[in-house]
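Chemist: quick one, structure for this:
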Amino acid sequence: MDLFAGAVGGGDDESKGEEGEAGEDPEVAEARREAEEKRIEKHRKMEEEREELRQGIRDKYGIKKKDPFAIMEDPDMEGRLGRKRKTPAELAAEAQAAEEDEGSLPLPGNLGELTSKASELKGELTAKVTEKCTVQ
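Modeler: Residues are numbered from 1 along each chain as shown. Reported below is the predicted structural model:
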């Protein structure tokens, strides 16, 4: 009797398994096949339900479904993981637009009124805090 017969890499279990499946009872094989079909059908139904939920979310938030083959159609994107590189003209246009946006900040028209209210609130708050601190 060999003590290491079933050890890593050297066992006769592989040949026994092949004989067991080939000589399997037809009823057991049929039951196994039916169970596998039921499992596959169950998972297909679950995936259909998930896809319905996903589509409901897409419809609710206006998200378009990604087409996995759309990327493959662009020959420039083949083998790339990221997005398409911008041309120097596109980069220059973006830089110019950014410079134009820096000069014009969207400030409210009544900025003076807002600053005066802020300073008034600051004064009132300071007065209330000093009053509470001195009362004790």
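Chemist: contacts and neighbour counts: CA atoms only from here.
Modeler: Fine.
Chemist: and the helices in this structure?
Modeler: 13-22, 26-61, 70-73, 88-103, 111-135 (DSSP state H).
Chemist: lowest average pLDDT across the ones you listed?
Modeler: Per-stretch mean pLDDT for the helices of the chain is lowest at helix 13-22 (a mean of 50).
Chemist: out of everything not next to it in sequence, what's closest to residue 65?
Modeler: residue 58 (7.4 Å; CA to CA, 6 or more residues apart in numbering).
Chemist: count the residues that sit near that neighbour.
Modeler: By other CA atoms under 10 Å, the residues close to residue 58 number 13.
Chemist: ok, residue 42 next?
Modeler: Counted with other CA under 10 Å, the neighbours of residue 42 add up to 12.
Chemist: next one: residue 29
Modeler: Count around residue 29 with other CA under 10 Å applied: 14.
Chemist: over to the one 5 residues further on?
Modeler: Around residue 34 there are 12 other residues, counting by other CA under 10 Å.
Chemist: now do it against residue 63, distance only.
Modeler: Taking CA to CA, to the nearest Å as the measure, residue 34 falls 39 Å from residue 63.
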